[in-house]
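Peer 1: I would like the atomic coordinates for the input below:
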Amino acid sequence: QVHLVESGGGLVQPGGSSELSCAASGTIFSINAMGWYRQAPGKQRELVALITSGGSTVYADSVKGRFTISRDNAKNMVYLQMNSLKPEDTALYYCNANIVGSRWSPPVVSWGQGTQVTVSS
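Peer 2: Residues are numbered from 1 along each chain as shown. From the prediction side, this is the model:
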């Protein structure tokens, strides 16, 4: 079984910065892509950023140039550095990872519980 635990977030002023972290633990053989999604009240969950095991990244257009995703493969962690935050970035942010539990098992998508980011003055 695998667990993803997010940390960071909270209340941030417009124009400010914040960093989210996510740690994967449990039975892990390897981790493929890791990513961050967010869901604002009344809206669907959307992809914010994704990073492959090789370090390739994908960003939502709305966060390009402001957010940076990174990962530490040795620690099974993924990070999201958020700069120039806007009120529209307010959402519950979820960590996501495509995890292989053993050499013989297929990858499984796991989700964290979410961490709230509120951008407001």
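Peer 1: so what's the residue nearest the centre of the chain bridging to?
Peer 2: The chain has residue 36 as the residue nearest its centroid, 2.6 Å off, counting by Cα atoms, centre = their mean. Beta-bridge partners of residue 36, counted by DSSP bridges, are residue 49, residue 95.
Peer 1: quick one: pLDDT of the residue in the chain sticking out farthest from the centre?
Peer 2: Centroid-distance maximum for the chain: residue 104 at 26.6 Å, with Cα atoms, centre = their mean. On pLDDT, residue 104 comes in at 91.
Peer 1: Give me the distance between it and residue 98.
Peer 2: Residue 104 sits at a distance of 16 Å from residue 98 (criterion: Cβ to Cβ, to the nearest Å). The C-beta positions use only the backbone N, C-alpha and C, and glycine is treated the same way.
Peer 1: quick revisit: tell me which residues touch the residue nearest to the centre of the chain, please.
Peer 2: Residues in contact with residue 36 (Cβ atoms under 8 Å, 6 or more residues apart in numbering) are 20, 22, 47-50, 69, 78, 80, 93-96.
Peer 1: just residue 3 next, same as before
Peer 2: Going by Cβ under 8 Å, 6+ apart, residue 3 touches 24-26, 110.
Peer 1: Compare those residues and tell me which has the most neighbours.
Peer 2: The most crowded member of the contacts of residue 3, judged by other Cβ atoms under 10 Å, is residue 24 (21 neighbours).
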